[in-house]
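From the sequence below, what's the structure:
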Amino acid sequence: MSDRRLVGLGKGGFVLSNSLVLALLSSFSYAKKDLDTSEDVLEPIYVSARQEGEQAKDLAFSVEVMDSDTIEELRYTNLEDVLLSEPSVNLNTSGGANVSSIYIRGIGSLYPMSMDDSSVAVMLDGSPISSRNISLGTLDVERVEILKGPQGTLFGGLGEAGGINIASRKPTSYQDGYFRAEYGDDNQHLLEGAFGGALTESLSGRFAVRKSGYDHWVTNDQTGAPMSSPENEAFRGSLLWEKSERTSVLVSVEQQTIENMAEMFVLRPYSSNPSVSLTPGLYDDDEKEVKRYSVKLSHNLDNSQFTASSSYTDSYNIAPVAYDRYLNKLLNDQSEEYWQTDESHEKVFTQDVRLSSLPGADVFWVTGGSVSQSDRSYDTPYNSSGTSRARQRDFETNRYGVYGEVTFPVAQRWDLTSGLRYSWEDREYDGAYYNSGNVTTEHRELDDHFFTGRLALGYELTNTTRLYASFARGYNPGGFNDYATQSVESEPYKAAKVDSFEFGVKKASADRRYTVNGAVFYNEVTDNHLLSYDSQTFISSVVNADTRSLGAELSTTLALKNNLTLKGGVSYIDATIQSELVGIGGGDVKKGNQVPDVSPWSANVSVSWKRPLQISGLSAPMLNTRLGWKYTGVRSADPQNHFDLNAYNKIDMHIGVSIENAELYFWGNNLLDEEYDLYGYYGSATAIYGAPGRGRTLGLGVRYDL
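Here you go, the predicted structure:
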């Protein structure tokens with residue numbers, strides 16, 4: 001019942017989109033002249049997509065990278081914000097802290113069936129974290145890499161659709177740090193700082209901390225105040241011990257806590273000031289806490305590199321899921337609200353050991369093995385009627401894998417990439433369902449083993465242009481339904497499998513002033529995951545359905561003169577359901593229906609401009625501006641295709657003046673004040689609900705670099 005989908009409602013979307021596209025094309029016409037005289041160049045983009053440092057242009061799949069400046073200046077305060085800004089990436093979220101899921105190129109669970117039902121691997125500094133943690137903040141992040149297409153070699157059953165690599169800033173041997181503070185509409189406030197440097201000759205450290213919050217933009221009609229006031233606290237401490245030129249150890253400890261981050265179930269269509277009617281204080285105990293500990297050992301041999309990465313993550317979440325009085329009246333003809341409290345706790349230990357080529361080697365190769373052990377619970381201890389229908393669900397999952405991948409030349413200008421992983425998993429489920437003093441218990445087990453990997457051929461058409469063609473096999477393992485209310489609903493669901501084909505081109509100009517990347521792709525998913533849920537009976541069950549997606553994407557970056565940088569991308573995806581599903585909760589699904597959440601058209605543009613100012617009495621002032629635009633097209637709201645959510649445009653802006661190490665800036669989010677949804681759901685013909693996005697907000701900030 002807690003799983004939602006990203007949808008959007010915009011006004012004048014195509015008009016603005018066409019205007020911006022024309023403006024972008026116009027800027028391209030001037031770009032050629034600017035490139036002839038510019039002294040500005042683009043730095044090579046290095047990524048850790050295969051867990052070792054490589055240039056993005058050398059990989060046989062698409063990778064989009066967002067740097068720390070863009071993340072900070074456009075106020076992408078959590079990973080959800082980053083992903084929502086990227087074409088060909090769609091999100092399923094109700095605005096809560098524990099219910100997000102991700103689609104890449106139309107691949108993803110139609111409705112996720114459990115917390116570990118994820119089609120996208122999420123890695124933080126080389127160690128996996130749950131995709132349900134993408135509501136966490138982007139504290140002291142250096143970059144975010146979005147790997148498109150199945151990533152089964154290194155990530156196994158976690159990388160069916162792709163992967164997300166989050167790289168935080170590491171300790172340095174020199175003093176480094178910053179402080180920033182912001183305040184704006186809706187009581188949006190943020191304090192963040194980081195400091196690092198050498199502690200001894202061989203030991204460096206870094207510490208980062210953030211405290212932020214806001215007043216919710218949805219009003220509670222019973223109080224006239226915001227429905228909640230979320231608060232976020234986070235810190236990370238890292239130590240880097242460089243024992244020698246060959247050996248290093250990185251240790252990190254971090255914790256993030258989110259309070260009062262309420263899920264939204266708001267009756268549609270929304271009023272100009274969206275509102276609900278709920279008992280005051282319902283979200284006072286809403287909390288998500290994630291603690292993470294990791295150790296990474298690296299040692300360079302004469303012709304290879306040994307790496308061992310260990311991590312332990314402890315996640316806890318408790319939150320009510322509430323139908324307010326307006327919605328519950330239409331759904332169930334009850335004048336009072338209905339809510340239930342969901343409580344989850346997960347402890348995950350992971351270990352990865354690998355041997356790989358040294359950076360810059362003529363032949364890239366990596367081989368290794370990994371193990372992961374997860375103990376988690378997903379309970380419903382009580383609801384608005386008491387504890388008589390409590391449910392307890394406990395899950396244990398053990399994952400193991402061995403893998404290898406190599407890229408090597410096979411002829412002049414030709415290279416071949418081949419990767420393969422063998423994975424095996426065992427899962428256990430114990431459930432207890434209470435019904436007015438009676439309890440029903442059950443125990444289930446599930447074992448699986450599978451191969452994933454890729455085969456790709458690359459061709460250097462010129463010294464600056466690379467073509468590639470690839471085939472990849474992805475896998476999303478089966479499991480058990482987190483939301484079962486009785487034993488019949490906990491039947492295991494099948495594993496999903498995807499065959500993915502991609503053809504692409506990557507070009508970087510010889511003068512390093514522009515890059516162009518393009519790809520076309522085709523994906524066939526067998527037994528995709530669909531949670532069947534009835535909003536009126538609260539009954540959920542597991543369903544599998546085949547899906548297919550095909551499309552194309554194009555992105556470019558231009559370094560113009562006078563420190564002007566332009567980056568843009570556009571994506572087209574046609575994603576459809578290939579199965580006929582009759583008699584499921586929410587209504588029948590017809591073959592040919594559109595995959596929910598996936599917008600056929602999406603695009604973005606980011607413009608960054610830095611320019612010296614002439615201001616008397618000030619020492620070398622600099623204007624720093626950044627504009628970010630994201631267009632999300634029309635998409636279906638559910639697998640039944642009951643209704644569509646309209647397109648929308650979101651424009652964010654940063655304008656600052658810096659003097660030496662300090663900057664004072666003005667920021668604006670959703671400048672057009674567009675109304676859009678974070679998800680939409682069809683409860684009945686008269687009860688359609690969703691989550692409205694935040695309207696226009698403005699504010700001020702200050703940053704100081706040490």
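
CA atoms for contacts and neighbours, from now on please.
Will do.

wait, what's in contact with Val634?
8, 599-601, 644-647 (C-alpha atoms under 8 Å, 6 or more residues apart in numbering).

mind redoing it with 6 Å?
Val634 makes contact with 599, 645-647, according to C-alpha atoms under 6 Å, 6 or more residues apart in numbering.

same deal with Glu64?
With C-alpha under 6 Å, 6+ apart, Glu64 has these contacts: 145-146.

quick one: what helix or strand has it in it?
strand 63-67 (DSSP states H and E).

still on that earlier bit, just among the contacts of Val634, which is most surrounded?
With neighbours taken as other C-alpha atoms under 10 Å, the top of the contacts of Val634 is Ser599, carrying 31 neighbours.

could you measure that residue against Trp241, distance?
According to C-alpha to C-alpha, to the nearest Å, Ser599 and Trp241 sit 46 Å apart.

One more: Asp285?
In terms of C-alpha to C-alpha, Asp285 sits 40 Å off from Trp241.

can you check Phe349 too?
23 Å.

do Ser549 as well
46 Å.

same check, this time on Lys590
Taken as C-alpha to C-alpha, the span from Lys590 to Trp241 is 58 Å.

Comparing those two, which residue is more hemmed in?
Trp241 (19 against 16).

Now for that one: which residues touch it?
202-203, 248-249.

Tell me the one of those nearest Asp430?
If you rank those by distance to Asp430 using C-alpha to C-alpha, Val249 comes first, at 39.1 Å.

so the closest one touches Val295, yeah?
No. Under the criterion of C-alpha atoms under 6 Å, Val249 makes no contact with Val295, lying 7.1 Å away.

Mind listing the residues bridging to the residue lying closest to Gln594 once chain neighbours are set aside?
Distance criterion C-alpha to C-alpha, 6 or more residues apart in numbering; nearest residue to Gln594, sequence neighbours excluded, is Thr576 at 4.4 Å. In this entry, Thr576 is beta-bridged to Arg548, Gln594, by DSSP bridges.

Tell me which residues touch Thr576, please.
Applying C-alpha under 6 Å, 6+ apart, the residues near Thr576 are 547-548, 592-595.

Give me the buried entries from those residues.
547-548, 593-595 (16 or more other C-alpha atoms under 10 Å).

Any chance of these in TSV with distance to Arg75 and pLDDT as columns?
Listed next are the buried ones among the contacts of Thr576 as TSV, based on distance: C-alpha to C-alpha, whole Å; pLDDT from 0 to 100:
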residue	distance to Arg75	pLDDT
Thr547	35	96
Arg548	34	97
Asn593	35	95
Gln594	32	95
Val595	30	94
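
From those residues, pick the one nearest Leu278.
Once C-alpha to C-alpha is applied, the member of these that ends up nearest Leu278 is Val595, at 32.6 Å.

if we can go back for a sec, report the two of the buried ones among the contacts of Thr576 separated the most.
Farthest-apart pair in the buried ones among the contacts of Thr576 is Arg548 and Asn593; separation 10.7 Å (C-alpha to C-alpha).

Could you list which residues are in contact with the nearest residue to Leu461 once chain neighbours are set aside?
Distances taken as C-alpha to C-alpha, 6+ apart place Leu467 nearest to Leu461, at 6.7 Å, with adjacent residues excluded. Neighbouring residues of Leu467 by C-alpha under 6 Å, 6+ apart: 458-459, 504-505.

what about Thr350, which helix or strand?
Judged by DSSP H and E, Thr350 forms part of strand 338-356.

per-residue confidence for Ala60?
Note on Ala60: pLDDT of 84.

now the helices for the stretch 101-250 of the chain?
Applying DSSP state H, counting those that start in this stretch to the stretch 101-250 of the chain gives helices spanning 152-155.

out of the contacts of Val634, which are inside strands?
Leu645 (DSSP state E).

JSON lines please, covering the contacts of Val634 and showing distance to Met113.
Shown next, in JSON lines, are these (distance: C-alpha to C-alpha, whole Å):
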{"residue": "Ser599", "distance to Met113": "22"}
{"residue": "Leu645", "distance to Met113": "23"}
{"residue": "Asn646", "distance to Met113": "27"}
{"residue": "Ala647", "distance to Met113": "27"}
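
Which of the contacts of Val634 sits closest to Val65?
Ser599 (21.0 Å).

Please report how far the closest one lies from Lys630.
From Ser599 to Lys630 the distance is 12 Å (C-alpha to C-alpha).

quick one, helices of the stretch 251-400 of the chain?
325-332.

what about the closest residue in space to Lys243 that isn't next to it in sequence, neighbour count?
Among residues not flanking Lys243 along the chain, Ser202 sits closest, at 6.2 Å (C-alpha to C-alpha, 6+ apart). By the criterion of other C-alpha under 10 Å, Ser202 has 13 neighbours.

go on, Gly281?
Gly281: 12 neighbours (other C-alpha under 10 Å).

how much space is there between it and Gly96?
For Gly281 relative to Gly96 (C-alpha to C-alpha), the value is 16 Å.

again with Thr485
Taken as C-alpha to C-alpha, the span from Thr485 to Gly96 is 22 Å.

Same check on Leu618?
45 Å.

out of these two, which sits in the busier spot?
Gly96 (22 against 10).

Who's the closest spatial neighbour of the more buried one, skipping the chain neighbours?
Glu263 (4.2 Å).

if I read this right, the one you found contacts Ala97, doesn't it?
No. Contact criterion C-alpha under 6 Å: Glu263 and Ala97 do not qualify, at 7.8 Å.

Please identify which of those two sits among more neighbours.
Neighbour tally, Glu263 and Ala97, criterion other C-alpha under 10 Å: the higher count belongs to Ala97, 26 against 23.

Based on its surroundings, how many neighbours for the closest residue to the more buried one other than its chain neighbours?
The shortest distance from Ala97 to any non-neighbouring residue, by C-alpha to C-alpha, 6+ apart, is to Ser135 (5.5 Å). Applying other C-alpha under 10 Å, we find 22 residues neighbouring Ser135.

for Val582, same thing?
10.

likewise Arg399?
19.

was I right about it contacting Glu425?
Yes. With contact defined as C-alpha under 6 Å, Arg399 counts as touching Glu425 (4.6 Å).

What sits closest to Thr620 if chain neighbours are left out?
No, residue 620 isn't Thr; it's Ala. Nearest one to Ala620, counting by C-alpha to C-alpha, 6+ apart, is Ile659 at 6.3 Å.

how much space is there between that neighbour and Leu700?
16 Å.

quick one, which of these two is more surrounded?
Of the pair Ile659 and Leu700, Leu700 is the one with more neighbours under other C-alpha under 10 Å, namely 18 against 15.

was I right about that one contacting Phe666?
Yes. At 4.6 Å, Leu700 counts as touching Phe666 under the criterion of C-alpha under 6 Å.

where along the stretch 601-706 of the chain do the strands fall?
Applying DSSP state E, counting those that start in this stretch to the stretch 601-706 of the chain gives strands spanning 601-612, 621-632, 635-636, 644-645, 648-659, 662-669, 677-682, 688-692, 697-705.

Confirm Thr485 sits in a strand?
No. Thr485: not assigned to a strand; according to DSSP: H, G, I helix; E, B strand; the rest coil it is coil.

Can you report how many residues lie near it?
23.

Please report phi then psi for it.
The phi and psi values for Thr485, taken as degrees, to the nearest 10, are phi -100, psi -10.
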